[in-house]
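Chemist: Sequence below, structure please.
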Amino acid sequence: MASLHVSLSRRPVARAAVCLAGVGLASPALAGLPCLNPAIVTPAQASRESSPRPMISWRAVAGASGYRLQLVSREPEGRTLASIDSLVNDTRFLPPQALSDGFALVSVRVTSLCPEGTPPAPSPAREHRFLIDARSACAVSGLTLDAGEKRIRWAPTTGAGGYETFGYEAINGRLLFRLETSEPTVVTPAANASPVVVAVRARCGEVFGQVGYLAY
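Modeler: Below is the predicted model of the structure:
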């Protein structure tokens, strides 16, 4: 009976050792594993997005208590449109504002936040880039000119709240006039230049659409 008692008392100890080993493997801090940074899933690297507020998502990292997201959105010319530095407890993030008013290059980094004592990641979070091009959904087309009264008309743009019209001297690109209208038509002012290039763009919410052109 004594030998039977000793045999039974060893089983819980063995099970406890197995459980402790499992905890050590599950926690990067206990296992001595580095705190890795997540891979961004969407939008895909170098993709072209039509939404000015795309959902950004990434893969979960074992042991991470949260994530730090850093984002910068710029026009191709360099002007900064949006800059975000936020702590996130989820594996996805919907920007609280539009990242573009039509066309922009977006750069994102996501860094894991891990328990104290966890070895740092072997390298910084990689920069993830994608384009936003929302212009085609708010395009201006079908421009025509009534030469008698210098009135320009175009097809109504779905969702447009207004339009901007710019007139340029074709030879040197000098701006001759800038007009705003809520209707798909405008009478251009007299210009002491010829030929004149007219550019019309619609505004749909926070987005400026694809420009339509006409020359006279």
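Chemist: How about the contacts made by residue 101?
Modeler: Applying CB atoms under 8 Å, 6 or more residues apart in numbering, we find residue 101 in contact with 52, 81, 206-208. Yep, even glycine has a C-beta here, placed from its N, CA and C like the rest.
Chemist: so which helix or strand takes in it?
Modeler: Secondary structure assignment for residue 101, by DSSP states H and E: no helix or strand.
Chemist: Which residue, neighbours along the chain excluded, lies closest to it?
Modeler: residue 208 (5.3 Å; CB to CB, 6 or more residues apart in numbering).
Chemist: how near is that neighbour to residue 194?
Modeler: For residue 208, the distance to residue 194 (CB to CB, to the nearest Å) stands at 28 Å.
Chemist: same thing with residue 132?
Modeler: From residue 132 to residue 194 the distance is 38 Å (CB to CB).
Chemist: What of residue 141?
Modeler: 25 Å.
Chemist: Could you do residue 159 as well?
Modeler: 35 Å.
Chemist: what's the answer for residue 209, then?
Modeler: From residue 209 to residue 194 the distance is 28 Å (CB to CB).
Chemist: Looking at those two, which one has more neighbours?
Modeler: residue 209 (23 against 10; other CB atoms under 10 Å).
Chemist: The more buried one reaches residue 199, doesn't it?
Modeler: No: Residue 209 sits out of contact with residue 199 when judged by CB atoms under 8 Å, with a separation of 11.7 Å.
Chemist: now for the longest strand along the chain, which elements pack on it?
Modeler: In the chain, with assignment by DSSP state E, the single longest strand is strand 103-113. Judged by 3 or more CB pairs under 8 Å, 6 or more residues apart in numbering; DSSP states H and E, strand 103-113 is in contact with strand 66-74, strand 128-133.
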